[in-house]
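In: predicted model and sequence below, questions to follow.
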Amino acid sequence: MLNFTLPILFVFNLLLLSFNSFASASNQQILPLQQRAEVIDGILATRVEKLMPEMMRNANIDMWILISREYNEDPILKTFLPATWMGARRRTILVFTYVKQPSPEQDYVKADAISTYDIGSVFNKAWDKNKHPQQWQALIELIKVNNPQTIAVNQSQDFPLADGLVATDKDLFFENLPTKYKQRIVSSEPLAVSWIETRSEEEIAYYQQLAALTKDIISEAFSARVIVPNKTTVNELVWWFRTKVSELGLSTWFQPAIRVQRNSTDFGISEDPKTVILAGDLIHVDFGINYLGLNTDIQQHGYVLKHGETQAPKFLQMALQQGNQLQDILMANFTAGQTGNEILLKTRQQAQDAGLKPMVYSHPIGYFGHSAGTTIGQWDSQNGVAGSGDYPLHNDTAYAIELNVSVYSKEWQKDIMIMLEENALFSKNKVKFLTPRQTQLLLIKAM
């Protein structure tokens, strides 16, 4: 049984101290690489020790086997690798075995690695080449010793992230697996998705700060320090985001998107890189960063003030309020056990009854930007999403509350689209934003 309590507390306290002034997005306040590695490895150890036993018990899985080769890694296997590992080495096999004790509270998970190399401090090296010259022999011996009744592998039709066992590794595994164990193979889907979607207390504590940093970068971008009305282009703003994040020693997990709307009947929602941002424009950004193994995904709006303006026009602010109203309706329908499709259909009906023109496409977030878990609509699937939309909502999970409303503007003689995305946590049967949501347009004025 793993015990990493003291190291994780030390590193966690260090992390909190570092984040006290994180909002300024200063390079000096983001953890150095070595300390990041300590945080990542410590949290992994805690998750395996404290969360994995209950996950395996709930999924009724006795053994979970992950197999990957270098440069063709199972995405879930990568969430178990030490921070100093950039990927698998040769063929890497990780095995989690559920060990029952007299009481369920004492049950634990044994983590073994059948690999040429030691894999951090979480995994016991379970391959002695003197006893088992072939890697598959060592794996089969481990299976025989533990005699699991259910053996899970990463195969899933509905969740790509849980479908990481490639054809060659599966074929070789089955060629070497004794016949009696082949009947015990099951999909790891319920366990794999649970591992991906569940957030630990340590992760939640700094996920809020990570979301705040993301918004601080947006606030800087949507200001006169960066945008020069009638000069700055969409492309320049997109690459400002990329450059800013890179200078902080971080990374984006997707290319930032900038969209422009303006008072012109022949001007739609433009993402054209050559579009010049003008005074009077409503601008939008879709932006997310990766740090310490987690991802953010946030969308906000800004308004470029015209000469003499000190506030955005009232009709634009009222349009934003309709987006906030849709957020309230959606989040009020978050109930543990409800499927994403049930939440979607109820939300859309309530929103339409309230006079809104809604579109909802919210998704889990965490280890991956578009993560596995409860899918609540897709932009092109507003009547439900087969598979992942049928997955029920669980506590201690994080979401990108992503949606839009179309609002007709008499002033512009056309629909204005308000596209919002906020990161939120569902815990103890309540959902709350990781940071305060946008309720006012960000204002950009000329210097």
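Out: Yes, it's here. Residues are numbered from 1 along each chain as shown.
In: residue contacts, N341?
Out: 384-385, 389-390 (Cβ atoms under 8 Å, 6 or more residues apart in numbering). From N, CA and C alone the C-beta is placed, and that goes for glycine too.
In: hmm, I was thinking of Q106
Out: By Cβ under 8 Å, 6+ apart, Q106 has no neighbours at all.
In: gap between it and S194?
Out: Distance of Q106 to S194, computed by Cβ to Cβ, to the nearest Å: 21 Å.
In: report the buried residues of stretch 224-235.
Out: 227, 229, 232-234 (16 or more other Cβ atoms under 10 Å).
In: could you point out which of those residues is nearest to F368?
Out: Among the buried residues of stretch 224-235, V234 lies closest to F368 (Cβ to Cβ), at 26.9 Å.
In: I'd say the closest one and L278 touch.
Out: No. Using Cβ atoms under 8 Å, V234 is not in contact with L278, being 11.4 Å away.
In: and the strands in the stretch 151-300 of the chain?
Out: 151-153, 185-187, 251-252, 257-261, 282-287, 289-291, 294-295, 298-304 (DSSP state E, counting those that start in this stretch).
In: pipe the ones you listed into CSV and attach mean neighbour count per row.
Out: Shown next, in CSV, are the strands of the stretch 151-300 of the chain (neighbours: other Cβ atoms under 10 Å):
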stretch, mean neighbour count
strand 151-153, 24
strand 185-187, 18
strand 251-252, 16
strand 257-261, 21
strand 282-287, 23
strand 289-291, 21
strand 294-295, 24
strand 298-304, 25
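In: for Q101, find the nearest of these.
Out: Q101 sits nearest to strand 151-153 of all the strands of the stretch 151-300 of the chain, at 20.7 Å, using Cβ to Cβ.
In: partners of the closest one in the sheet?
Out: strand 63-69 (parallel), strand 185-187 (parallel) (DSSP bridges).
In: got any ranges where the stretch 1-150 of the chain has weak pLDDT?
Out: The model of the stretch 1-150 of the chain has pLDDT under 70 over residues 1-28.
In: thinking again about what came up before, any chance of the strands paired with strand 151-153 in JSON lines, plus distance to T243?
Out: Listed next are these as JSON lines, based on distance: least, Cβ to Cβ, whole Å:
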{"stretch": "strand 63-69", "distance to T243": "33"}
{"stretch": "strand 185-187", "distance to T243": "43"}
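In: any idea which of those is most buried?
Out: Mean neighbours per residue, mean count of other Cβ atoms under 10 Å, is largest over the strands paired with strand 151-153 for strand 63-69, with a mean of 24.
In: okay, and the beta partners of Y291?
Out: Beta-bridge partners for Y291, by DSSP bridges, are L294.
In: quick check: what element follows the helix or strand hosting Q352 along the chain?
Out: If you go by DSSP states H and E, Q352 is part of helix 340-353. Later in the chain than helix 340-353, the nearest helix or strand by DSSP H and E is strand 358-360.
In: what's the offset of stretch 52-69 from the middle of its chain?
Out: 21 Å (Cα atoms, centre = their mean, to the nearest Å).
In: first-to-last residue distance for that stretch?
Out: 24 Å (Cα to Cα, to the nearest Å).
In: do stretch 434-447 as well
Out: End-to-end for stretch 434-447, by Cα to Cα: 32 Å.
In: tell me which residues in that stretch are buried?
Out: In stretch 434-447, counting by 16+ other Cβ under 10 Å, buried: 434-435, 437-438, 441-445.
In: which one of the residues you listed is nearest to L161?
Out: Nearest member of the buried residues of stretch 434-447 to L161, counting by Cβ to Cβ, is L434, at 21.6 Å.
In: nearest to Y206 among the strands paired with strand 151-153 would be which one?
Out: strand 63-69 (26.3 Å).
In: and the contacts of the closest one?
Out: 56, 74, 76-77, 80, 88, 90-98, 139, 143, 146, 148, 150-154, 164-166, 169-170, 173, 188, 191.
In: just checking, next helix/strand downstream of that strand?
Out: helix 75-78.
In: how far off centre is that next one?
Out: Put simply, helix 75-78 sits 14 Å off its chain's centre (Cα atoms, centre = their mean).
In: can you list the helices and strands that that helix packs against?
Out: Helix 75-78 is packed against strand 63-69, helix 189-197, with contacts defined by 3 or more Cβ pairs under 8 Å, 6 or more residues apart in numbering; DSSP states H and E.
In: CA atoms of it as PDB?
Out: Extracted in PDB, the C-alpha atoms of helix 75-78 (Å, rounded to 0.1, in the frame of the first residue of the first chain):
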ATOM      1  CA  PRO A  75      -3.700   8.200 -23.800                       C
ATOM      2  CA  ILE A  76      -4.700   6.800 -20.400                       C
ATOM      3  CA  LEU A  77      -1.300   5.100 -19.800                       C
ATOM      4  CA  LYS A  78       0.300   8.500 -20.300                       C
END
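In: so that it lines up with my notes, have the first residue be 57 from now on.
Out: OK, 57 is where the count begins now, so the last one is helix 131-134.
In: can you give me how far the helix or strand following it is from the chain middle?
Out: Sequence-wise, the next helix or strand downstream of helix 131-134 (DSSP H and E) is strand 147-155. Strand 147-155 sits 24 Å away from the centroid of its parent chain (Cα atoms, centre = their mean).
In: same question, stretch 185-201
Out: For stretch 185-201, the distance to the chain centre is 36 Å (Cα atoms, centre = their mean).
In: likewise stretch 214-232?
Out: Distance, centroid of stretch 214-232 to centroid of chain: 24 Å (Cα atoms, centre = their mean).
In: can you check stretch 192-205 too?
Out: Counting by Cα atoms, centre = their mean, stretch 192-205 comes out at 34 Å from the chain centroid.
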